[in-house]
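Q: Quick one, fold the following:
(one chain, ligands or ions: 1)
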Amino acid sequence: MIPLRKNIAEMDGYVPGFQPKDEGAWIKLNTNENPYPPSPRVAEAIRAELGDGEGLRKYPDPPSSAAREEAARLYGFDPAWVIMANGSDELLNNLIRAFAGEGEEIAYVHPSYSYYATLAGIQGARVRTFGLTDKWELADFPELYEGKLFFLTNPNAPLGFTYPLEFIEELAGRVAGMLVVDEAYVDFADENALPLVRKCPNVVVTRTLSKSYSLAGMRLGLAIARPEVIAALDKIRDHYNIDRLAQAAAVASLSDQDYLRGCVEKIRQTRAWFTGELRVLEYGVIPSRGNFVFATPPDRNGKRVYDALFERKILVRYFSDPLLSHGLRITIGTREEMEKTVAALAEIG
Ligand SMILES: Cc1ncc(COP(=O)(O)O)c(C=O)c1O
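A: Numbers count the residues shown, from 1 in each chain. Below you'll find the predicted structure:
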């Protein structure tokens, strides 16, 4: 027996969505990737940074200053309020490392992003979940939640609804520790919680470049919070957390907002069309503000439809969790991919 920490020995690892080897053979709608390529500026910037490869001899800029400054300019904050990360997952992890010690509690909404629980488990922190009412409100949330961190995924994933900003502000006052608003999908929504970062000292907003910026393969995320929170996250991150090519990609993509808006608009239009088509097929669909929808077939048998789509080389996300097993989370791909998906669902019945 190797001398593992007990919590590591006992925990299950997180299981990410399936990444097929023969990617090209599939319509891949299972991990909320963007169907469009990143801004053309990204490949140009990576090529320029790479050159003949000589520059890779040297370590990257530890604080990712250029990317930080670009993000700060974009969101209207001083760079001291911004940190860049190797995917927003790195920030979620470091927030737990910074705020929740062994035996201390963190909480999140169930269903939402269950990776928070895995990360807390690694730290030996305790995990509590709060459920949702049938109006998508938090059930049984106390007047004051005394845990160290509360993670609110907004828009909710995998369900796609959003909480109103006024509610998030009220919630910040009911969380004794930090309120982390995980805005992985917020570029597809109508409002975001950045104004609350200035108003409420305990609010942290996390973002990713994996979804709206089409850079899942690059691993880039960022957080916006008060400078003392950012300084703490800076202390504990891997000092070279973002490589040279990824830093160049971050600056290039954040600087191309016209391109971002174009991609987001196409996805929002396809989302509206696909939602309508699903309803024609008598699916239950939660109006989504993300780049995915959660859809329930008439017989509420998510697994049956998952398997039938899989046979047709269409990959969607099925969760065996009893709160989610009646439906499927389907990423919004191109219009053509979604037309094929609708045709397959109609055939499957
Ligand atoms: C709600 C939520 N938060 C965070 C992440 C992680 O994003 P990243 O690719 O930036 O690590 C995901 C990825 O699917 C997500 O769904």
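
Q: Leaving out chain neighbours, which residue sits closest to Ile106?
A: Setting aside the residues directly before and after it, Ile106 is nearest to Leu149 in space (CB to CB, 6 or more residues apart in numbering), at 4.4 Å. (Each C-beta comes from the backbone N, C-alpha and C, glycine too.)

Q: Tell me the residues of the chain that contact the ligand?
A: With CB under 6 Å from any ligand atom as the criterion, the chain meets the ligand at residues 32, 87-89, 113, 153, 157, 182, 184, 208, 210, 216, 221.

Q: Return the member of those nearest to Leu194.
A: Distance ranking of the residues of the chain next to the ligand against Leu194, using CB to CB, places Asp182 first at 13.4 Å.

Q: Tell me the bridge partners for the closest one.
A: In this structure, Asp182 has beta-bridge partners Thr153, Thr206, where bridges are defined by DSSP bridges.

Q: all strands of the stretch 151-300 of the chain, in order?
A: Along the stretch 151-300 of the chain, counting by DSSP state E, counting those that start in this stretch, strands occupy 178-182, 203-208, 221-224, 284-285, 292-296.

Q: Show me what the shortest one pairs with in its sheet, parallel or antiparallel.
A: Going back to what we said before, that points to strand 284-285. Under the rule (DSSP bridges), strand 284-285 has strand 292-296 (antiparallel) as partners.

Q: tell me the angle the next helix or strand after the strand it pairs with makes with strand 292-296.
A: Moving toward the C-terminus from strand 292-296, the first helix or strand encountered (DSSP states H and E) is helix 302-311. Between the direction of helix 302-311 and that of strand 292-296, the angle (axes from the mean of the first three to the mean of the last three CA atoms, to 10 degrees) works out to 120 degrees.

Q: helices or strands next to helix 302-311 in the packing?
A: strand 328-331, helix 335-348 (3 or more CB pairs under 8 Å, 6 or more residues apart in numbering; DSSP states H and E).

Q: Quick check: next helix or strand after it?
A: From helix 302-311 onward toward the C-terminus, using DSSP H and E, the following helix or strand is strand 314-315.

Q: Indicate each strand paired with that following strand and its parallel or antiparallel sense.
A: For strand 314-315, using DSSP bridges, the partner strands are strand 27-28 (parallel).

Q: what about the partner strand, distance to the chain center?
A: Centroid separation between strand 27-28 and its chain, computed with CA atoms, centre = their mean, to the nearest Å, is 19 Å.

Q: do stretch 248-261 as well
A: Going by CA atoms, centre = their mean, the spacing between the C-alpha centre of stretch 248-261 and its chain's C-alpha centre is 18 Å.

Q: Give me the spatial nearest neighbour of the residue positioned nearest the centre of the chain, chain neighbours excluded.
A: Note on the chain: the residue nearest the mean C-alpha position is Ala184, at 3.4 Å, using CA atoms, centre = their mean. Counting by CB to CB, 6+ apart, Ala184 lies nearest to Thr208, which is 4.8 Å off, once chain neighbours are set aside.

Q: number of nearby residues for that neighbour?
A: The local packing of Thr208 (other CB atoms under 10 Å) involves 25 other residues.

Q: Also the one 5 residues further on?
A: Tyr213 has 26 neighbours, counted by other CB under 10 Å.

Q: neighbours around Glu33, how many?
A: Here the number of neighbours of Glu33 (other CB under 10 Å) works out to 19.

Q: That one falls within a helix, correct?
A: No: counting by DSSP: H, G, I helix; E, B strand; the rest coil, one finds Glu33 to be coil, located in no helix.

Q: pretty sure it is in contact with Thr331, am I right?
A: Yes: the pair Glu33 / Thr331 is scored as a contact, 6.7 Å apart, by CB atoms under 8 Å.

Q: shared neighbours, those two?
A: Common neighbours of Glu33 and Thr331 (criterion: CB atoms under 8 Å, 6 or more residues apart in numbering): none identified.

Q: list the contacts for the residue nearest to Ala184?
A: With contacts defined as CB under 8 Å, 6+ apart, Thr208 is in contact with 87-88, 184, 220-222.

Q: one step back: pLDDT wise, what is the residue nearest to Ile106 at?
A: Taken from the predicted model, the pLDDT recorded for Leu149 is 98.

Q: Repeat that for the one 5 residues further on.
A: pLDDT for Asn154: 98.

Q: neighbours around it, how many?
A: Asn154 is flanked by 28 other residues according to other CB under 10 Å.

Q: Contacts only, for the closest residue to Asp321 other than its chain neighbours.
A: Closest residue to Asp321 in three dimensions, ignoring its sequence neighbours and counting by CB to CB, 6+ apart: Pro111, at 6.6 Å. In this structure, Pro111 makes contact with 132, 156, 158-159, 319, 321, 323-324, judged by CB under 8 Å, 6+ apart.

Q: can you redo those as a markdown table with neighbour count and distance to Leu260?
A: Formatted as a markdown table, these follow (neighbours: other CB atoms under 10 Å; distance: CB to CB, whole Å):
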| residue | neighbour count | distance to Leu260 |
| --- | --- | --- |
| Leu132 | 17 | 30 |
| Asn156 | 24 | 22 |
| Pro158 | 25 | 23 |
| Leu159 | 23 | 24 |
| Phe319 | 19 | 29 |
| Asp321 | 11 | 32 |
| Leu323 | 12 | 33 |
| Leu324 | 19 | 30 |
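
Q: which one of these is nearest Gly51?
A: Nearest to Gly51, judged by CB to CB, of the contacts of Pro111 is Pro158 at 41.5 Å.
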